[in-house]
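Undergrad: below is the structure, and that's it, no one-letter string:
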């Protein structure tokens, strides 16, 4: 796989947050054995998107429960804004990759690579 093709598929993995949350999974399944770079970026984007789905669900339930004591009612105002956070961050990651930067999501990239041996 050529460098330009690796970069294109890595960008598309990050931009998959705009279309569907599992677009990165499809890219990972297709290219995981062909390119280490595409494998890393698609897996990183997938786990980042899954983490945000979990955050949305948790935020909704906490807001719902707290709304019974009126505190959580104000949290519902954030619900329409919250989905834009991973979309903007995913677009930023795609932009960074398009510029040749090996972008890494905070915490997610380190978790994917696993523990490192310190010499």
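TA: Noted; the coordinates are in hand. Every value quoted in this text rests on a predicted model; they were computed, and no experiment measured them.
Undergrad: where does the protein dip in pLDDT?
TA: 21, 71-74, 115-119 (pLDDT under 70).
Undergrad: buried residues in the helix ranked longest in the chain?
TA: Taking DSSP state H as the criterion, the chain has its longest helix at helix 36-66. For helix 36-66, a neighbour-count test (16 or more other C-beta atoms under 10 Å) marks 37-49, 52, 59, 63 as buried. No exception for glycine: its C-beta is placed from N, CA and C like everyone else's.
Undergrad: centre-most residue in this protein?
TA: What sits nearest the mean C-alpha location of the chain, by C-alpha atoms, centre = their mean, is residue 48, with 2.9 Å.
Undergrad: ok, residues contacting stretch 8-19?
TA: With C-beta atoms under 8 Å, 6 or more residues apart in numbering as the test, stretch 8-19 has contacts from 22-24, 26-28, 31, 35, 37-38, 41-42, 44-46, 49, 86-87, 90-91, 93-94, 97-98, 103.
Undergrad: what do you get if the cut-off is 6 Å, keeping everything else the same?
TA: 23-24, 27, 31, 37-38, 41-42, 45, 49, 86-87, 90, 93-94, 97-98 (C-beta atoms under 6 Å, 6 or more residues apart in numbering).
Undergrad: so which bits of that stretch are buried?
TA: 9-17.
Undergrad: picking up where we left off before, helices and strands around the longest helix of the chain, which ones?
TA: On a contact count with 3 or more C-beta pairs under 6 Å, 6 or more residues apart in numbering; DSSP states H and E, helix 36-66 meets helix 3-19, helix 23-31, helix 108-113.
Undergrad: right, and the helix or strand after it?
TA: The helix or strand immediately downstream of helix 36-66 is helix 84-98, counting by DSSP states H and E.
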